[in-house]
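Undergrad: mind folding the following:
(one chain, ligands or ions: 3)
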Amino acid sequence: MSYFSNVNKIQYEGSKSTNPFAFKFYNPEEKIGEKTMEEILRFGVAYWHTFTEDLSDPFGTGTAIRPWDKYTGMDLAKARVEAAFEFFEKLNVPFFCFHDVDIAPEGDTLKESNENLDTIVAMIKDYMKDSKTKLLWNTVNNFSHPRFVHGAGSASNADVFAYAAAKVKKGLEVGKELGAENYVFWGGREGYETLLNTDMKLEMDNLGRLFHMANDYAKEIGFDAQFLIEPKPKEPTSHQYDFDVASGFAFLQHYGLQDVFKFNIEANHATLAGHTFEHELHYARIHQMLGSVDANQGHPLLGWDTDEFPTDLNMTVLAMYEILKNGGLGRGGLNFDAKVRRGSFTPDDLFHAHIAGMDSFAVGLKVAHRLLEDNVLENIIAERYHSYQEGIGRDIAEGNTTLQKLEEYALGLTEIKNESGKLERIKATINQYLLTTVAGE
Ligand code: XLS
Ligand code: CA
Ligand code: CA
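TA: Numbers count the residues shown, from 1 in each chain. Ligands and ions are numbered 1, 2, ... in the order given. Now for the predicted structure:
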């Protein structure tokens, strides 16, 4: 049984190709520096957006036409697994990611949900034997069901906390069973709407306790995945506890979890937080906390989480620059936490969207690699901060001075000379690298 019988394996055909089912820039075997594109980019397909999502929005029902639509319940879950592995193979993608409820329907009880999961996990494990596609990360959905109306690890109701913890326990077991490289915590409803009824301190302490219990249990069962926390500032709650990397990092340090976790950084969450994607990547990188990436983009005119496929080349260049500076993503990858638009409802659109995202990050990688080879930004930054290389600047940077000494120095200054930041020139240079790379020059 084939779900995408009109599509053959997607091949790299080069930038002149007009075949909509071909990569124009992503050439998995092509070496960029020491490693191949496939090894550096580590693309992953998000199960929820590709196989579970029906493309409904708050104003209308789903529009997606999917070859597995005729099934329901566990038959639907099984059909999606078959379709998923056909899709992974045709797209030639090394990883996928899922939440528990994406792969198997919840039952009437926790026990029944776990049994449904066991059936589908066994099926996935079987498919993985003959597939190159591995599990980049799994997680549990502790936000959709009405029981999580007031949160999960930060719930006001201890029974809900216990239920959420039980789901995390199962999630860790599933991750171990399928050899997940990472395990993600996204605090869907870990936040609050109003302080008028919220004990923020207790909620945050409980979240910290849940993470510690998860780490203890992962150790106990020998599940050695990298734990990742995925910041998001708002939506669904108005105040999420893991607002951005900086606040997430403070949380992790406060609860003694900074050595256990890294960050899974999503582009659309970065922009919702009022940051650029590269800001979040950079902040994580300079603190050795960059773990993995949810590769998508928000809509520039909309203030919510649109999870679009990434096609903005400026963004992919700057993101790949951070990732290369980080020495790659280690056990992480670029997971397409992205969904086709509601108007792009055909199965073919699923391929086109992933091809667009993969090509965009391939371009980003090539351009970022060239920028780094030529030390473009490094030279600009070294030049801009050169005053810290000698004299008073060096004393400041080495922590060798005092307010008194600085006053003495400042009193002796007759003129302060600043230099241009040259921003427009820098942006033009990046454009030049981008355009010449795409043109193959
Ligand atoms: C939602 C999040 C979610 C996480 C995994 O906005 O992006 O999909 O990546 O729970
Ligand atoms: Ca995400
Ligand atoms: Ca999102």
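Undergrad: give me the neighbour count for Thr276.
TA: 15 (other C-beta atoms under 10 Å). (Each C-beta comes from the backbone N, C-alpha and C, glycine too.)
Undergrad: now it, nearest residue through space, not along the chain?
TA: Using C-beta to C-beta, 6 or more residues apart in numbering and skipping residues adjacent in sequence, the residue nearest Thr276 is Ala270, 6.4 Å away.
Undergrad: count the neighbours of that neighbour for me.
TA: 27.
Undergrad: now swap in Glu408 and tell me
TA: By other C-beta under 10 Å, 11 other residues sit near Glu408.
Undergrad: cool, and Ala162?
TA: 12.
Undergrad: list the buried ones in stretch 209-225?
TA: Using 16 or more other C-beta atoms under 10 Å as the test for burial, stretch 209-225 gives 210-211, 214-215, 218, 223, 225.
Undergrad: and what of stretch 184-197?
TA: Buried positions in stretch 184-197, judged by neighbour count with 16+ other C-beta under 10 Å: 184-192.
Undergrad: can you check stretch 313-329 too?
TA: For stretch 313-329, by 16+ other C-beta under 10 Å, it's 313, 315-326, 328-329.
Undergrad: run through the bridge partners of the residue nearest in space to the middle of the chain.
TA: Nearest to the geometric centre of the chain sits Asp294, at 2.0 Å (C-alpha atoms, centre = their mean). Beta-bridge pairing of Asp294 under DSSP bridges involves Glu266, Asn335.
Undergrad: and it, how close does it get to Asp118?
TA: Between Asp294 and Asp118 the distance is 27 Å, computed by C-beta to C-beta, to the nearest Å.
Undergrad: do Glu173 as well
TA: 9 Å.
Undergrad: what mean pLDDT would you report for stretch 66-85?
TA: Stretch 66-85 shows a mean pLDDT of 98.
Undergrad: swap in stretch 125-133?
TA: If you average the pLDDT over stretch 125-133, you get 98.
Undergrad: what about the nearest residue to Gly303 once chain neighbours are set aside, neighbour count?
TA: Distances taken as C-beta to C-beta, 6+ apart put Leu272 closest to Gly303, at 7.4 Å, once the chain neighbours are dropped. Neighbour count for Leu272, taken as other C-beta under 10 Å: 22.
Undergrad: report the contact partners of Leu272.
TA: Contacts for Leu272 (C-beta atoms under 8 Å, 6 or more residues apart in numbering) come out as 232-235, 298, 303-305.
Undergrad: out of the residues you listed, grab the one that's most surrounded.
TA: Neighbour count (other C-beta under 10 Å) singles out Lys232 as the most crowded of those, with 26 neighbours.
Undergrad: helix or strand: which one has that one?
TA: Assessed by DSSP states H and E, Lys232 sits outside every helix and strand.
Undergrad: next secondary structure after the longest helix belonging to the chain?
TA: Among the segments of the chain that qualify as a helix by DSSP state H, the longest is helix 347-373. Per DSSP H and E, the first helix or strand lying C-terminal to helix 347-373 is helix 376-384.
Undergrad: pLDDT value on Gly303, please?
TA: pLDDT, Gly303: 89.
Undergrad: any idea how far it lies from ligand 2?
TA: To ligand 2, Gly303 is 17 Å away according to C-beta to the ion, to the nearest Å.
Undergrad: surely that residue is in a helix?
TA: No. Going by DSSP: H, G, I helix; E, B strand; the rest coil, the assignment for Gly303 is coil, not a helix.
Undergrad: next, the nearest residue to Glu53 once chain neighbours are set aside: phi, psi?
TA: With sequence-adjacent residues excluded and distances taken as C-beta to C-beta, 6+ apart, Glu53 is closest to Lys339, at 5.3 Å. With angles defined as degrees, to the nearest 10, Lys339 sits at phi -120, psi 150.
Undergrad: need the residues of this protein near ligand 3, please.
TA: Counting by C-beta under 5 Å from the ion, the residues of the chain close to ligand 3 are 268, 305, 307.
Undergrad: pick out whichever of the residues you listed sits closest to ligand 1.
TA: Asp305 (5.2 Å; C-beta to the nearest ligand atom).
Undergrad: in the chain, what residue is nearest ligand 1?
TA: Trp186 (3.4 Å).
Undergrad: was I right to think that residue contacts Glu235?
TA: No. With contact defined as C-beta atoms under 8 Å, Trp186 does not reach Glu235; the gap is 11.6 Å.
Undergrad: returning to what we had before: would you turn the contacts of Leu272 into a markdown table with distance to Leu371?
TA: Listed next are the contacts of Leu272 as a markdown table, based on distance: C-beta to C-beta, whole Å:
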| residue | distance to Leu371 |
| --- | --- |
| Lys232 | 29 |
| Pro233 | 29 |
| Lys234 | 33 |
| Glu235 | 33 |
| Gly298 | 24 |
| Gly303 | 31 |
| Trp304 | 32 |
| Asp305 | 30 |
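Undergrad: tell me the one of those residues nearest Ala356?
TA: Gly298 (15.9 Å; C-beta to C-beta).
Undergrad: ok, the closest one to Leu207 distance?
TA: The gap separating Gly298 from Leu207 is 26 Å, by C-beta to C-beta.
Undergrad: from the chain's centroid, how far away is stretch 400-419?
TA: Remark: stretch 400-419 is offset 44 Å from the chain centroid, using C-alpha atoms, centre = their mean, to the nearest Å.
Undergrad: over to stretch 115-124?
TA: Between the centre of stretch 115-124 and the centre of its chain there are 25 Å (C-alpha atoms, centre = their mean).
Undergrad: ditto for stretch 112-120
TA: The chain centre lies 27 Å from the centre of stretch 112-120; the measure is C-alpha atoms, centre = their mean.
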